[in-house]
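Asks: quick one: sequence plus predicted model below, questions after.
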Amino acid sequence: MFDIGALELLVISVVALIVVGPERLPTLARTAGLWVGRARRAFSAVKEEIDREIKADELKAILRKQAESNPLETILEEGSGSRTSAKPSASSPGEGSQDRS
């Protein structure tokens, strides 16, 4: 992300030691580490969310292509045609029921 070399880190640490002092430098380093960790986790969460959205869009495009090439109604009609011939016909719901008025 940032292109910081060893020399730059050395200069930053010397300046921090002079400005902050040796007593508060460990606390400053710990706090800076916590902030860097939080920033990395936040960037990671955003990246994962973007990846999920991209995968969802790709899946939608694939499903749209499949729906255009082989519509669900055609699949259901083909599937129900072979199933109805194997099953005996059932009586309609109105037959055999009593009217309770």
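Replies: Perfect, I can see it now. Numbers count the residues shown, from 1 in each chain.

Asks: what mean pLDDT does the helix or strand residue 33 falls within have?
Replies: Element membership for residue 33, per DSSP states H and E: helix 25-69. Throughout helix 25-69, pLDDT has a mean value of 93.

Asks: that helix packs against which elements?
Replies: Using 3 or more C-beta pairs under 8 Å, 6 or more residues apart in numbering; DSSP states H and E, the elements in contact with helix 25-69 are helix 6-20. The way it works is simple: take the backbone N, C-alpha and C, and place the C-beta from them, glycine included.

Asks: now what about the helix it packs on, what contacts it?
Replies: Residues outside helix 6-20 that contact it (C-beta atoms under 8 Å, 6 or more residues apart in numbering) are 25, 28.

Asks: same deal with stretch 24-34?
Replies: Residues outside stretch 24-34 that contact it (C-beta under 8 Å, 6+ apart): 16, 17, 20.

Asks: run a quick neighbour tally on the last one.
Replies: Same thing as residue 20. Counted with other C-beta atoms under 10 Å, residues neighbouring residue 20 total 14.

Asks: quick check: it vs residue 12, distance?
Replies: Distance of residue 20 to residue 12, given as C-beta to C-beta, to the nearest Å: 12 Å.
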